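[1] Turn this into a structure:
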Amino acid sequence: MEYDDNRLLEMHGIVKTFPGVRALQNVDFFLNRGEIHALMGENGAGKSTLIKVLTGVYPKDGGTIILDGNPVVIHSPSDAQKLGISTVYQEITLCPNLTVAENMYIGRGKGSLTNWSKMNADANKILEKLDIPAKANMQLGNCSIAVQQMVAIARAVDMEAKVLILDEPTSSLDEQEVEKLFGLMRDLKALGVGIIFVTHFLDQVYEVCDKITVLRDGQLVGEYEIKDLPRVQLVAKMLGKEMDDLSDIKGEHDTYKGLDAWENVYEAQGLVSNSGIKPFDFYIRRGEVNGFTGLLGSGRSECVRAIFGADHVLKGRTKVNGLGTRIRRPRDAMKHGIAYLPEDRKIDGIIGDLSVRENIILALQVMKGFFKPFTKAQAYAFADEYIKKLNIKTASADTPVKSLSGGNQQKVILARWLLMNPQYLILDEPTRGIDVGTKVDIQKLVLELASGGMSITFISSETDEMLRTCSRLIVMRDRKVVGELSGDELTQSMIMSTIAGGE
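    You can find the predicted model right below:
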């Protein structure tokens, strides 16, 4: 086979097997110099496994890795780093208590003999070269998440990374920060760095990438030039079925028609919490799906945290099923049949070292009391019911939840709250960072639950997702409610003009 001088990385026939699961089946992946290459697929498709094989986290069970035309063996992350393969993860792995320069050179100096002034000067040089808005002596924890990720990239570049892997780098960034990151990626591309970009945001793939490789169920679907693959086809290839651009899923479900459909399950007047939101009024009817929408930082999450008692409520009146009540903490909300899936599943949701089963029964066990544990048979029955109902992909109910893909972790948290059989379910970014297929599953489940009489508040950064699921939207700007939309008003343009124009 003739060697292509522009080819930077070749992965041929990669195989990786875990007990009972063939995670990768003869997968090929190729990366050129100066190329931004999207690695796409549903959660569980094999993206993370392929990256972990490339970076030495997992040993491969078969296949060949070729870098710069030479076969290489990668036993550990340090092997990968020495070969010029660096990864920047979604969760920042740097030290916020250290300076920017210290983070860039940690583990690379010579202890007490470190030349601090030279280190700071070198750091400032590369920060300036990459146009990163930070100084060497700034404490990293005082920088935005976007800048912290750029510092992690700067560290990789200074270590002469040939292959840079960006794993969901934009999931916590706003639009301006994403643009800044894309500018940095394009600069690195011009320097000849090969970038593997893992994301669930389709718009971003089409904005910044040159090629796409799609995986599904541990197998290669194909490699495509960005210009040759319209996004509808990309979604179809990821899902393994044709799909009409995720159009109208509302039409597939009936609205709730119970005699109590007009009743307010929950209502609040002048609610204020310690998070800085302005006083707001809110209600939700039985069987309704409504949502809070607005730009990042508008106060969407703070509103639902106040409703659930996750933030300290300073003033305001609330009613549940028409009766005045005070919700001071989450346990009070749970007693009134209110459940809450939080925005950050890693911090506020899953308990990684516990099993899928233990995570599913957790909320119900809290309400029952830990001195009255469920029998083993009850716990397994609950877990098995929801693993089947939500199609959670796991080897067993005893699998540690941290080993599941992001989308399946999200389904475990959803199962936890559905097991409580709540009358009112709050979902804050339930589809963030998960694949298109699981997003549609969750959206359909929301509408199905509502048609059965459950009230649901749905929050998503993707307005098209809100429009597909909600019948009423509360619009926010600067931590204040500035409008409410329903019926024919539920359009992208009306949402944007309401955010821009206020009441």
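
[2] Quick check: closest non-adjacent residue to residue 17.
    Leaving aside its sequence neighbours, residue 17 sits nearest to residue 61 (CB to CB, 6 or more residues apart in numbering; 5.3 Å). To be clear about C-beta, it is placed using only N, CA and C from the backbone, and glycine gets the same treatment.

[3] gap between the one you found and residue 452?
    Using CB to CB, to the nearest Å, residue 61 is found at 45 Å from residue 452.

[4] picking that back up, go ahead and confirm the residue nearest to residue 17 touches residue 13.
    No. Counting by CB atoms under 8 Å, residue 61 sits too far from residue 13 to count as a contact (10.6 Å).

[5] okay, stretch 210-227 in PDB with CA atoms only?
    Below are the C-alpha coordinates for stretch 210-227, written out as PDB (Å, rounded to 0.1, in the frame of the first residue of the first chain):
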ATOM      1  CA  ASP A 210     -14.000  18.900   7.100                       C
ATOM      2  CA  LYS A 211     -15.000  15.200   7.400                       C
ATOM      3  CA  ILE A 212     -17.300  13.000   9.400                       C
ATOM      4  CA  THR A 213     -16.800   9.400  10.500                       C
ATOM      5  CA  VAL A 214     -20.000   7.700  11.700                       C
ATOM      6  CA  LEU A 215     -20.100   4.700  14.100                       C
ATOM      7  CA  ARG A 216     -23.100   2.700  15.100                       C
ATOM      8  CA  ASP A 217     -23.300  -0.200  17.500                       C
ATOM      9  CA  GLY A 218     -19.500  -0.600  17.500                       C
ATOM     10  CA  GLN A 219     -19.200  -0.700  13.800                       C
ATOM     11  CA  LEU A 220     -18.100   1.800  11.100                       C
ATOM     12  CA  VAL A 221     -21.000   3.200   9.100                       C
ATOM     13  CA  GLY A 222     -18.700   5.300   6.900                       C
ATOM     14  CA  GLU A 223     -16.400   8.300   6.400                       C
ATOM     15  CA  TYR A 224     -17.900  11.300   4.500                       C
ATOM     16  CA  GLU A 225     -16.800  14.700   3.200                       C
ATOM     17  CA  ILE A 226     -18.900  17.300   5.000                       C
ATOM     18  CA  LYS A 227     -20.200  18.700   1.700                       C
END
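
[6] So which residues make contact with that stretch?
    The set of residues external to stretch 210-227 that reach it, using CB atoms under 8 Å, 6 or more residues apart in numbering, is 22-30, 35-42, 44-47, 49-50, 205-206, 209, 229, 234, 237-240.

[7] what does stretch 51-59 give?
    Residues outside stretch 51-59 that contact it (CB under 8 Å, 6+ apart): 9, 11, 14, 16, 24, 39, 49, 60, 65, 74-80, 85, 87, 163, 165, 167, 196, 198.

[8] which among those residues end up buried?
    9, 11, 14, 16, 24, 39, 49, 60, 65, 74, 80, 85, 87, 163, 165, 167, 196, 198 (16 or more other CB atoms under 10 Å).

[9] Check the spacing between the residue nearest to residue 17 and residue 19 real quick.
    12 Å.

[10] Same question for residue 7.
    Between residue 7 and residue 19 the distance is 35 Å, computed by CB to CB.

[11] Same drill for the two, tell me which one is more crowded.
    residue 7 (17 against 5; other CB atoms under 10 Å).

[12] Identify the residue spatially nearest to that one, adjacent ones excluded.
    Residue 7 sits nearest to residue 32 (CB to CB, 6+ apart), 5.9 Å away.

[13] Give the buried residues for stretch 80-93.
    80, 81, 83, 84, 85, 86, 87, 88, 90, 92.

[14] secondary structure element for residue 204?
    If you go by DSSP states H and E, residue 204 is part of helix 202-208.

[15] so how far is that helix off the chain centroid?
    16 Å (CA atoms, centre = their mean, to the nearest Å).

[16] cool, stretch 255-275 as well?
    Distance of stretch 255-275 from the chain centroid (CA atoms, centre = their mean) equals 28 Å.

[17] which other residues reach that stretch?
    Outside stretch 255-275, the residues that reach it (CB under 8 Å, 6+ apart) are 278-288, 299, 302-303, 305-307, 311-322, 338, 423-424, 450-453, 455, 471.

[18] can you give me the strands for the stretch 201-350 of the chain?
    All strands of the stretch 201-350 of the chain, identified by DSSP state E, counting those that start in this stretch, fall at 211-216, 219-225, 264-273, 280-285, 289-293, 313-320, 323-325, 338-341.

[19] Nearest to residue 489, out of those strands?
    Residue 489 sits nearest to strand 289-293 of all these, at 12.1 Å, using CB to CB.

[20] ok, which stretches of the stretch 51-200 of the chain are strands?
    Under DSSP E, counting those that start in this stretch, the stretch 51-200 of the chain gives strands at 62-67, 70-72, 85-88, 163-167, 194-198.

[21] Comparing these by mean pLDDT, which bottoms out?
    Ranked by mean pLDDT, the strands of the stretch 51-200 of the chain bottom out at strand 85-88, with a mean of 88.

[22] strands paired with it, and their directions?
    Paired with strand 85-88 in the same sheet, following DSSP bridges, are strand 163-167 (parallel).

[23] Centre of the chain to the strand it pairs with, how far?
    Relative to its parent chain, strand 163-167 has a centroid offset of 17 Å by CA atoms, centre = their mean.

[24] I would like the residues contacting it, please.
    Strand 163-167 is contacted from outside by 8-9, 31, 48, 51, 54-55, 67, 84-90, 153, 156-157, 185, 188, 193-198, using CB under 8 Å, 6+ apart.

[25] Please name the nearest non-neighbouring residue to residue 284.
    Spatially, and ignoring its direct neighbours in sequence, residue 284 is nearest to residue 455 (4.7 Å; CB to CB, 6+ apart).

[26] List the buried residues in the helix or strand of the chain with the lowest mean pLDDT.
    Lowest mean confidence among the helices and strands of the chain (mean pLDDT, DSSP states H and E): helix 231-239, at a mean of 76. Buried residues in helix 231-239, counted by 16+ other CB under 10 Å: 234, 235, 236, 237, 238, 239.

[27] who does it touch, helix- and strand-wise?
    Applying 3 or more CB pairs under 8 Å, 6 or more residues apart in numbering; DSSP states H and E, one finds that helix 231-239 contacts helix 202-208, strand 211-216, strand 219-225, helix 436-451.

[28] Many thanks, we can stop here.
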